[in-house]
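> structure for the following, please:
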Amino acid sequence: MWLIIAHFLIITGLSIRVLLRPNRDPASRVAWILFIMALPYVGALTYLMLGEVRPNKGQAHPQPLKDALTPISSPPSDTGIAPISSAGFSIGKSISGFNPVGGNTGHLLDDSNATIDALVANIDAALEHVHLLFYIWLADTNGCKVVAALVRAAQRGVTCRVIVDDLGSRNFIRSEHWQTMNKAGVQLARAQPIGNILVRILKGRIDVRNHRKIVVIDNRITYCGSQNCADPEFAIKAKYAPWVDAVIRFEGPIARQNQLLFLTDWLICTNEDCRELAQQPMPLPKPGFIAQVIGTGPENHYSATPELFATLMFSAQQELVITTPYYVPDDFMQSALCSSARRGVSTTIILPARNDSWFVGAASRSHYSELLDAGVRIYEYTGGLLHAKTLTVDDKTTLIGSANMDRRSFELNFENNILFQDEALSQAIRERQASYIRQSKPIEQTDVDAWSALYRLRNNILAILSPVL
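Residues are numbered from 1 along each chain as shown. Reported below is the predicted structural model:
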């Protein structure tokens, strides 16, 4: 009798906890409650481990820190913002506090190897400091090239600071290359340290990760895109290779904003306050386009990332093109994408044909029928794993960075993106997207209709579970 009462109290108590948790969408609440009822003890333990993003050192940026650092952001450059771009910049400022700033230039790198070569060249030319943050750093050809460049820079007196995610780069941290950099004087930090797994679980979700990719050199050069510090062959998941990324090298005031984002993470990881780097006098403004850094994470207001994506979708008047490796949207995001096509905007999404996460691939395909019915064109890239995260609006405005269109990026990961308004650079991104389409298979409604009932059932079940997993 007492066991039945205890069983009932556990299920009821956790269900009430799920219902009372703030900022949880209804689909997620229902998914968790069903999971707890179907597997009471496994579900209860899983919810306590993964169901709530509880603040923990290294997980959230304390409000006093944000208040102290925000005022050093660059002054706004509202002049020249086109009406089509204004809403995106406004929502970006509401998320991370950065104003759109003018006077920037940018160049889309040719491919992953070209990105590493350009990065190494910039490190070799650095005079003051080199700051790098990567989610994944591999001890492969490209990874070792960057290690060697950092060692050379540190040995000639350049201050080098490196942050890697403790889970994503776990093998690299244990490698000889990590120690080589340390001995050379490169300052190293691990984001989201795991430590004792049992203790870590009690303090907060172990899968809250720093997924950012940030490069800042001498306060004037910054890189932004999807690429980790690795070869395109990506040895840890080689069967999906090559990994196809898109990265832009920027110069101008936008580097100062990425600098601030890096220094915030550095302070969290090391307790070292280097804000004076971001407070140095800005160079005289030069001609260039308007851009804005948008950093997101669990400390942002709920649905910040979906709001950013949806705002850009709604701003499109003629064409919207998206590339993302992981499409697991919430209802709001799915509706925004469908609405874009239904109101006459040429809407295209490009996804990898083979996803390194079978769960994500299946959940993505559960949304195909509704997207196609709304008029969205879907392409599945067959030339490797398309890892680029880009969104172009009317060949004028572009978002590029680390954020995927999935619930991990929406709710769990720390991400970084840059939104910019420039026809020439946006056109370069659009041409890159077109090259992906040429290596893709178009998905038609007849393809979806040909799927077996069992295949559709699997996809839909995994989509239902996506708020849990």
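> can you pull out the strands in the stretch 1-150 of the chain?
Using DSSP state E, counting those that start in this stretch, the strands assigned to the stretch 1-150 of the chain run over residues 101-108, 129-134.
> what packs against the longest one?
Helices and strands in packing contact with strand 101-108 are listed as strand 247-251, helix 254-270, strand 289-296, helix 423-438; criterion 3 or more Cβ pairs under 8 Å, 6 or more residues apart in numbering; DSSP states H and E. Any C-beta I mention is one placed from the backbone N, CA and C, and that applies to glycine too.
> name the residues that touch the shortest one?
Under the contact criterion Cβ atoms under 8 Å, 6 or more residues apart in numbering, strand 247-251 has outside partners 104-109, 112, 115, 118, 122, 220-227, 291, 400, 418, 425.
> so which residue is dead centre in the protein?
In the chain, the centroid-proximal residue (Cα atoms, centre = their mean) is Ala403; its distance is 2.2 Å.
> re the thing from before, so of the strands of the stretch 1-150 of the chain, which one's packed in deepest?
Using mean count of other Cβ atoms under 10 Å, the stretch among those with the largest mean neighbour count is strand 129-134, at a mean of 25.
> can you list the strands that that one pairs with?
strand 159-165 (parallel), strand 214-217 (antiparallel) (DSSP bridges).
> dump those strands into CSV; add distance to Gln192, mean pLDDT and mean neighbour count as well.
Rendered in CSV, the data for the strands paired with strand 129-134 read as follows (distance: least, Cβ to Cβ, whole Å; pLDDT from 0 to 100; neighbours: other Cβ atoms under 10 Å):
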stretch, distance to Gln192, mean pLDDT, mean neighbour count
strand 159-165, 6, 98, 23
strand 214-217, 15, 98, 25
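> now those as a markdown table including distance to Cys269?
Conversion of the strands paired with strand 129-134 to a markdown table gives the following (distance: least, Cβ to Cβ, whole Å):
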| stretch | distance to Cys269 |
| --- | --- |
| strand 159-165 | 6 |
| strand 214-217 | 13 |
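> shaky segments in the stretch 201-350 of the chain?
Within the stretch 201-350 of the chain, the stretches falling below the threshold (pLDDT under 70) are 201-205.
> could you pull out the strands for it?
For the stretch 201-350 of the chain, the strands identified by DSSP E, counting those that start in this stretch occupy 214-217, 221-225, 243-244, 247-251, 289-296, 319-323, 346-352, in order along the chain.
> export the longest one as CSV, just CAs?
Written as CSV, here are the backbone C-alpha positions of strand 289-296 (Å, rounded to 0.1, in the frame of the first residue of the first chain):
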residue,chain,number,x,y,z
PHE,A,289,28.7,47.6,-43.8
ILE,A,290,26.6,47.4,-40.6
ALA,A,291,26.9,44.3,-38.5
GLN,A,292,26.0,43.0,-35.0
VAL,A,293,27.1,40.1,-32.8
ILE,A,294,24.3,38.1,-31.3
GLY,A,295,25.4,35.8,-28.5
THR,A,296,22.8,33.4,-27.0
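> ok, that strand: who's next to it in the sheet?
strand 101-108 (antiparallel), strand 415-421 (antiparallel).
> also the shortest one?
Each strand that strand 243-244 pairs with, and the sense of that pairing, follows from DSSP bridges: strand 385-386 (parallel).
> what's the partner strand in contact with?
By Cβ under 8 Å, 6+ apart, the list of residues contacting strand 385-386 from outside reads 234, 237, 240-244, 323, 325, 350-352, 354-356, 436.
> change it to 7 Å
Tyr240, Trp243, Val244, Thr323, Pro325, Ile350, Leu351, Pro352, Arg354, Asp356, Tyr436 (Cβ atoms under 7 Å, 6 or more residues apart in numbering).
> of those residues, buried ones?
Buried members of those, counted by 16 or more other Cβ atoms under 10 Å: Tyr240, Trp243, Val244, Thr323, Pro325, Ile350, Leu351, Pro352, Asp356, Tyr436.
> name the nearest of those residues relative to Asp394.
Using Cβ to Cβ, the shortest approach to Asp394 within the buried ones among the contacts of strand 385-386 belongs to Thr323, at 16.4 Å.
> against Asp245, how distant is that closest one?
For Thr323, the distance to Asp245 (Cβ to Cβ, to the nearest Å) stands at 10 Å.
> between the two, which contacts overlap?
Taking Cβ under 7 Å, 6+ apart as the contact rule, Thr323 and Asp245 both touch Ala388.
> ok, the residue nearest to Glu319 when sequence neighbours are not counted - how many residues close by?
Of all residues not flanking Glu319 in the chain, Ser346 sits nearest, at 4.5 Å (Cβ to Cβ, 6 or more residues apart in numbering). Counted with other Cβ atoms under 10 Å, the burial measure for Ser346 works out to 15 neighbours.
> okay, now the nearest residue to Val164 once chain neighbours are set aside: neighbour count?
Closest residue in space to Val164, ignoring its immediate chain neighbours: Trp137 at 5.1 Å, by Cβ to Cβ, 6+ apart. A total of 27 residues lie near Trp137 under the criterion other Cβ under 10 Å.
> sorry, back to before: in a markdown table: the strands paired with strand 289-296, plus distance to Glu431 and mean pLDDT.
What follows is the strands paired with strand 289-296, written out as a markdown table (distance: least, Cβ to Cβ, whole Å; pLDDT from 0 to 100):
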| stretch | distance to Glu431 | mean pLDDT |
| --- | --- | --- |
| strand 101-108 | 9 | 96 |
| strand 415-421 | 16 | 97 |
